[in-house]
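> Sequence and predicted structure are below.
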Amino acid sequence: MRRCYTVEDMRQWLADNNAYKFGKTKTVGFVPTMGYLHDGHMSLLEQSKQDNDLTVLSIFVNPLQFGPSEDFERYPRDEERDLRLAELCGVDAVFLPSVEVMYPHKPLTTVRVSAIADVLCGASRPGHFDGVATVVSKLLHIVSPDRAYFGMKDAQQVAVLTQMTADLNLDTAIVRCPTLREEDGLALSSRNVYLTPEERDQATVLYASLQTLQQSLKEQRLSVAQAEQLLAASLREAPLAIIEYAEVRTFPRFGQPSPHSCMQDIIQQGTTLLAALAVKFGTTRLIDNMVYAPDRE
């Protein structure tokens, strides 16, 4: 497994393996991460290995996507552990740039995806998706992968990056991969390590709330407003939960359906809906979601 610490090293390795830009003969799958790998990341790497000749992993904690009061400095990091896991998984190369390599000076050019990046996490974390879009754009230009893999736990990020690659005519397909969960339903996240034992026990309320809504939709007709009320009421069953949002949006455009519209009717008419949650336990912010797609059969 090759370790690349500079842009030049990464591009040279790709070129040496007939996998860089024009005349390439091998396909490249790419999994961008901020490290502290877990089984969710491993599932993305496994999918990439199935789909491509070569798989590249990047590990970079991107300062541009953290707000001034967020956890950039204490974000969990363990490079050697990550490298051991990547090698066991059969990754071909790992890109490990420093902040100085990615941003040798304060960037004067950034990438902003409007509208879909302005709601939900975009509203509560101003500038977050600008940082995500900017760093992923840079990484895609450096690696030039055929496919890049992202988990649907952050469905808004998937939508933002899909829109960005389409708008900028980037020659990389964004591949959506399912959310991986612990046995009790908690979505895998590097930030789960921040949770105290009591917070960890109560954090299962996110997935439980989504399951409650899913079951209710099978049993009765619900308006969008009723669905959001049900989500919020379910979340409040956890005393430590501080709800940031519990909303129903269209996917992938993140429009806000009429609160009086029936969810089942919207779905039957061909619109995919997303129930999205963001909840804090102490200082740890968790997100989760569930997609309700039309029956295409």
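In hand now; what should we look at?
> Spell out, range by range, the helices that occur in this structure.
Assigned by DSSP state H, the helices in the chain fall at 7-16, 39-51, 79-89, 99-102, 121-124, 128-143, 155-167, 197-202, 205-219, 224-235, 263-268.
> So which elements touch the second one?
Read it as helix 39-51. strand 28-33, strand 54-59, helix 79-89, strand 147-151, strand 173-177 (3 or more Cβ pairs under 8 Å, 6 or more residues apart in numbering; DSSP states H and E). For every residue, glycine as well, the C-beta is placed using N, CA and C.
> any chance of the helices of the chain in TSV, with mean neighbour count too?
Shown next, in TSV, are the helices of the chain (neighbours: other Cβ atoms under 10 Å):
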stretch	mean neighbour count
helix 7-16	17
helix 39-51	19
helix 79-89	15
helix 99-102	14
helix 121-124	17
helix 128-143	22
helix 155-167	21
helix 197-202	15
helix 205-219	17
helix 224-235	18
helix 263-268	16
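> Looking at the helices and strands packed on helix 39-51, which is nearest to Thr196?
helix 79-89 (22.4 Å; Cβ to Cβ).
> Which residues does that closest one contact?
1, 3, 35-37, 42, 45-46, 49, 57, 59, 94, 96 (Cβ atoms under 8 Å, 6 or more residues apart in numbering).
> for stretch 35-44, same thing?
Against stretch 35-44 from outside (Cβ under 8 Å, 6+ apart): 31, 33, 59-61, 75-79, 81-82, 85-86, 89, 149-151, 153, 177-180, 187-190, 193.
> Can I get it in CSV, CA atoms only?
Extracted in CSV, the C-alpha atoms of stretch 35-44 (Å, rounded to 0.1, in the frame of the first residue of the first chain):
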residue,chain,number,x,y,z
GLY,A,35,-9.8,9.5,9.3
TYR,A,36,-10.6,7.6,12.5
LEU,A,37,-11.9,4.8,10.3
HIS,A,38,-14.9,2.6,11.3
ASP,A,39,-16.9,-0.1,9.6
GLY,A,40,-18.9,2.5,7.6
HIS,A,41,-15.7,3.6,5.9
MET,A,42,-14.6,0.0,5.4
SER,A,43,-17.9,-0.7,3.6
LEU,A,44,-17.2,2.2,1.2
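> For Thr250, list the residues it contacts.
256-257, 271-274.
> Take these and lay them out in a markdown table including neighbour count and distance to Thr172.
Shown next, in a markdown table, are the contacts of Thr250 (neighbours: other Cβ atoms under 10 Å; distance: Cβ to Cβ, whole Å):
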| residue | neighbour count | distance to Thr172 |
| --- | --- | --- |
| Gln256 | 11 | 30 |
| Pro257 | 18 | 31 |
| Thr271 | 18 | 27 |
| Thr272 | 15 | 23 |
| Leu273 | 23 | 27 |
| Leu274 | 21 | 23 |
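> among those residues, which are in strands?
273-274 (DSSP state E).
> Out of the helices and strands packed on helix 39-51, which gets nearest to Val205?
strand 147-151 (20.5 Å).
> what angle sits between the closest one and strand 28-33?
Orientation of strand 147-151 against strand 28-33 (axes from the mean of the first three to the mean of the last three Cα atoms, to 10 degrees) gives an angle of 30 degrees.
> ok, now how distant is Asn16 from Thr6?
Slight slip there: residue 16 is Asp, not Asn. When distance is defined by Cβ to Cβ, to the nearest Å, Asp16 is 15 Å away from Thr6.
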